[in-house]
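Visitor: below: sequence and its predicted model.
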Protein chains: 2
Amino acid sequence: MTQPRFKPVEEQLAYLKKGVAEIIPEPELTAKLEKSLKTGKPLRVYLGVDPTAPDIHLGHTVVLRKLKHFQDLGHTAIFLIGDFSAMIGDPTGQSETRPPLTREQVDANSKTYLAQVFKILDKEKTEVRYNSEWLNKMSAEDVVRLCSHYRLARMLEREDFHSRLDKGQPISVHELLYPLLTAIDAVKLQSDVELGATEQKFNLLVHRDIQREYGLPGQAILTMPILVGLDGQRKMSKSLGNYVGITEAPGEIFGKIMSIPDELMWSYYELVTDRTPQEIAALKQEVANGKLHPRDAKMKLATQIVDDFNAPSGEPFDLKTNISVTIGTNTAAEFNRVYRDRQAPSDIPENYIGSEPGKMRLSRALVRLGATGSRAEAERLIKQGAVEIDSGVIADPTFEFDLSVPRKYLIKVGKKKHFYLIVQE
Amino acid sequence: MTQPRFKPVEEQLAYLKKGVAEIIPEPELTAKLEKSLKTGKPLRVYLGVDPTAPDIHLGHTVVLRKLKHFQDLGHTAIFLIGDFSAMIGDPTGQSETRPPLTREQVDANSKTYLAQVFKILDKEKTEVRYNSEWLNKMSAEDVVRLCSHYRLARMLEREDFHSRLDKGQPISVHELLYPLLTAIDAVKLQSDVELGATEQKFNLLVHRDIQREYGLPGQAILTMPILVGLDGQRKMSKSLGNYVGITEAPGEIFGKIMSIPDELMWSYYELVTDRTPQEIAALKQEVANGKLHPRDAKMKLATQIVDDFNAPSGEPFDLKTNISVTIGTNTAAEFNRVYRDRQAPSDIPENYIGSEPGKMRLSRALVRLGATGSRAEAERLIKQGAVEIDSGVIADPTFEFDLSVPRKYLIKVGKKKHFYLIVQE
């Protein structure tokens, strides 16, 4: 094996510090990078994630992308699935005690999680571990000895515990075990650096302390800020509905990114793309100068994000222009066609009906097309004026198609759903 | 197997309540006794003891004796050795975190402990268990699930935790695990009643709570007061030196009991003998009336305690009086001879020296007899007037025995040590 070549420490640091909330302690990270450069030995950098839900969204990718940056620089990226710790339930940021997940839930989530993670990390270069590997083997005695290394008073300094205790909200004793048991991950992985969101800071510090109690050099800690959701107000989260799922269809992702407030796009550029701080500053300058319309800067962002989460398009070149295209650029073109140029999308499903004497109610056709779940729902939408045929609103719920005449109808339901109904000869 | 016959509940309760500090909740204990009487099924009553030291003293026997009372009444006495929990270290009453004991220390202590316990409990009828039986099998996951059943806030209500936190004294997180892990003992033993000292009350209540969380009826709790030590002031404890070890020589035990303040003997009668409340009240009355000298009442107590901790004497009858005698009564007689009548004890070791021309310094003889560790110590004691030969103080450190004349010398060193030095022909 040849030793990986590392870039100069200053250059690595500049890339790694992009978007970072805090590095604890920064001189130690610098020293570790210097040692790695000297010895040619990559740093062991890990991110632990509890698969508490089946999907990840753009908010989760912020810290995952920082792990990618270490990977890009030649360091060892370790993606740790907290399949054991997910059963405890991380108390971080929780305002109440949650019931632990079952093993089955955790296993199912782990599978879908990993597929999504490799949209960002390089699968070939990533060390994937599960903390059940060592935590399942741990005995009650091991837990006791582990807990003897940490003071209760320090645990209670933790803000979320403190505020819950003060408010008389319940905390279960098992929540105290969370940072201590996950510290064993850091011990077993012999990590040099651990990444996490800002709200994980307390846990990461406990991990560092316990590593030292177990005779290891303490890891450096690097925290990333929380991504603001599409509403521009609150933390991106599934329960708030202000999120972008990374497995969503390209058109969905594109549209959602285009919906964020202009000002928010700069933090998205910083936290969810690999653009360098220089590139981002240049773009910002162009917008400020009026050289670039904010909408176009946002389209670049949306294009980039769609491309990041999708394998390369099957058509690498636009046949007319001979310019390289990606799913992102295709999606951008489609977005322009539909939303800017008010044209029908290019990939409208076609539904055929054989020609016959007689008629068909519009509401029945909508159910048949899968546009609505029931005729009642279809009729309600028609009355609301939400249904168009060939760009004309049909507000009459008794409207009928004449099936005796072959013809192609473009039906639009709501803002986004398009269908062709084709009466064949 | 025939069903054990139980005494009426009222009668059982009267015996069980003797000396008790608290019964939680008393109606439940009554109900359990009633059910036991009806079904003929004995109650499962346990006492858990961590073998943190190799010996037990009279203070430990208070709650052990209460377990005996249940055994006397036909219930199942379970003596639980906390060989696992001793490694955690019970934080009860501790003003600081103690390092956990090693497995080796715990095993060694368990052995000596048990031999002493059977001076009080009936070995044949006692169920002896070790909590390593189930706690060694417990996984980290089991510990997490256990801890999810208990609230941190309730744990912090505990007085010793509270006061240590308030004073800024350290508490290790593992100390919180103590009452929870030992609660599994109560779950596994399916106990109806648990006994403990008053300071154990918090732990015992946690055990009861966890039994209910695990779907069992909660045990009743019975706490016993702390025994005051020989000084009449502080808790009996080895470190304070105010204790009676139950393996000490009968004469030692007797003398120590005789040294307690008169007033204290009534709580000793209550807590470390099986005398009924009626018997004790009657004795107290006799002393108050002047019919019984307090010294004699205390001798009865000392005799009883010596007998309790010693197998029956080899001479069950005094040959002259044909009256049944015990080690206790023999010890009492010896005590009277030495301390009241100022006579030499009856079991003085005899040391022989062959007659020869010449002399031997007293100080050298004392070393030879094992009375002192060195000649310097012997000479110091002689100068202090602490050495007598045949009831005459010899204060001259140059005193010599004449070895040419066969003779028997009675040598007394300090208040208690007696030796015969016999110059043989």
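Guide: Arrived safely.
Visitor: and the strands in the stretch 1-150 of chain A, which stretches?
Guide: In the stretch 1-150 of chain A, the segments counted as strands under DSSP state E, counting those that start in this stretch are A:22-24, A:44-49, A:76-81, A:126-130.
Visitor: helices or strands up against the last one?
Guide: Helices and strands touching strand A:126-130, as assessed by 3 or more C-beta pairs under 8 Å, 6 or more residues apart in numbering or on different chains; DSSP states H and E, comprise strand A:76-81, helix A:103-117. In this view, the C-beta of every residue, glycine as well, is placed from N, C-alpha and C.
Visitor: which of the ones you listed comes out lowest on mean pLDDT?
Guide: Per-stretch averages of pLDDT across those put helix A:103-117 at the bottom, with a mean of 85.
Visitor: out of the helices and strands packed on strand A:126-130, which comes closest to B:S237?
Guide: For the helices and strands packed on strand A:126-130, distance to B:S237 was read as C-beta to C-beta. The smallest value, 47.5 Å, belongs to helix A:103-117.
Visitor: lowest-pLDDT helix or strand in chain A?
Guide: Taking mean pLDDT, DSSP states H and E as the measure, helix A:327-335 is the helix or strand of chain A with the lowest mean score, a mean of 75.
Visitor: quick one: it to chain centroid distance?
Guide: Chain-centre distance of helix A:327-335: 20 Å, with C-alpha atoms, centre = their mean, to the nearest Å.
Visitor: in it, which residues are buried?
Guide: Of the residues in helix A:327-335, those with enough neighbours to count as buried (16 or more other C-beta atoms under 10 Å in any protein chain shown) are A:I327, A:G328, A:T329, A:N330, A:T331, A:A332, A:E334, A:F335.
Visitor: rewinding a little: nearest approach to chain B belongs to which of the helices and strands packed on strand A:126-130?
Guide: Shortest distance between chain B and these, using C-beta to the nearest C-beta, is found for helix A:103-117: 9.0 Å.
Visitor: show me what the closest one is packed against.
Guide: Judged by 3+ C-beta pairs under 8 Å, 6+ apart, helix A:103-117 is in contact with strand A:76-81, helix A:85-88, strand A:126-130.
Visitor: and if we set it to 7 Å?
Guide: strand A:76-81, helix A:85-88 (3 or more C-beta pairs under 7 Å, 6 or more residues apart in numbering or on different chains; DSSP states H and E).
Visitor: what's the distance between the longest one and the middle of its chain?
Guide: It refers to strand A:76-81. Between the mean C-alpha position of strand A:76-81 and that of its chain there is a distance of 17 Å (C-alpha atoms, centre = their mean).
Visitor: can you tell me the strand partners of that strand and which way each runs?
Guide: When pairs are called by DSSP bridges, strand A:76-81 turns out to pair with strand A:44-49 (parallel), strand A:126-130 (parallel).
Visitor: that strand to helix A:103-117, inter-axis angle?
Guide: Regarding strand A:76-81 and helix A:103-117, their directions subtend 150 degrees when assessed with axes from the mean of the first three to the mean of the last three C-alpha atoms, to 10 degrees.
Visitor: buried ones in strand A:76-81?
Guide: When neighbours are counted by 16+ other C-beta under 10 Å, the buried residues of strand A:76-81 are found to be A:T76, A:A77, A:I78, A:F79, A:L80, A:I81.
Visitor: how about the secondary structure of A:K412?
Guide: Taking DSSP: H, G, I helix; E, B strand; the rest coil as the rule, one finds A:K412 in the strand state.
Visitor: got it, and the one 10 residues further on?
Guide: Going by three-state DSSP, the secondary structure assigned to A:I422 is strand.
Visitor: now do the same contact list for it.
Guide: Counting by C-beta atoms under 7 Å, 6 or more residues apart in numbering or on different chains, A:I422 touches A:E350, A:N351, A:Y352, A:K408.
Visitor: what's the longest helix seen in chain A in contact with?
Guide: If you go by DSSP state H, chain A has its longest helix at helix A:173-189. Outside of helix A:173-189, the residues that reach it under the criterion C-beta under 7 Å, 6+ apart are A:44, A:46, A:48, A:78, A:80, A:82, A:85, A:88, A:90-91, A:97, A:129, A:131, A:134-135, A:146-147, A:150, A:155, A:194, A:202-203, A:206-207, A:210-211, A:214, A:216, A:219, B:140, B:144, B:147-148, B:150, B:152, B:155, B:173, B:176, B:180.
Visitor: residues from the stretch 151-300 of chain A in reach of chain B?
Guide: On the criterion C-beta under 7 Å from any C-beta of the partner chain, chain B has as its neighbours in the stretch 151-300 of chain A the residues A:151-153, A:155, A:165, A:170-174, A:176-177, A:180-181.
Visitor: if you set the cut-off to 10 Å instead, what comes out?
Guide: Listed as neighbours of chain B in the stretch 151-300 of chain A under the rule C-beta under 10 Å from any C-beta of the partner chain: A:151-156, A:161, A:164-165, A:168-181, A:184.
Visitor: how about the nearest residue to whichever residue of the stretch 151-300 of chain A sits closest to chain B, chain neighbours excluded?
Guide: Among residues of the stretch 151-300 of chain A, the one nearest chain B by C-beta to the nearest C-beta turns out to be A:H174. It sits 3.6 Å away. Taking C-beta to C-beta, 6 or more residues apart in numbering or on different chains, and ignoring the residues beside it in sequence, A:H174 has B:C147 as its nearest neighbour in space, at 3.6 Å.
Visitor: the nearest residue to A:D262 once chain neighbours are set aside: what's it in contact with?
Guide: The shortest distance from A:D262 to any non-neighbouring residue, by C-beta to C-beta, 6+ apart, is to A:P294 (4.5 Å). A:P294 makes contact with A:P261, A:D262, A:E263, A:M265, A:V287, A:A288 under the criterion C-beta atoms under 10 Å, 6 or more residues apart in numbering or on different chains.
Visitor: residue contacts, A:A281?
Guide: Listed by C-beta under 10 Å, 6+ apart, the contact set of A:A281 reads A:W266, A:Y269, A:R275.
Visitor: among these, find the lowest-pLDDT one for me.
Guide: Minimum pLDDT across those is recorded for A:R275, with 89.
Visitor: for that one, grab the count of nearby residues.
Guide: By the criterion of other C-beta atoms under 10 Å in any protein chain shown, A:R275 has 17 neighbours.
Visitor: the one 4 residues further on too?
Guide: By other C-beta under 10 Å, the residues close to A:E279 number 12.
Visitor: go on, A:A86?
Guide: 25.
Visitor: if we ignore the residues flanking it in sequence, what's nearest it?
Guide: Nearest residue to A:A86, sequence neighbours excluded (C-beta to C-beta, 6+ apart): A:D50, at 3.9 Å.
Visitor: which residues touch that neighbour?
Guide: Applying C-beta under 10 Å, 6+ apart, one finds that A:D50 lies in contact with A:80-90, A:101, A:106, A:109-110, A:113, A:131, A:178, A:182.
Visitor: ditto for A:S259
Guide: A:S259 touches A:L230, A:D231, A:G232, A:N242, A:V244, A:K298, A:A302, counting by C-beta under 10 Å, 6+ apart.
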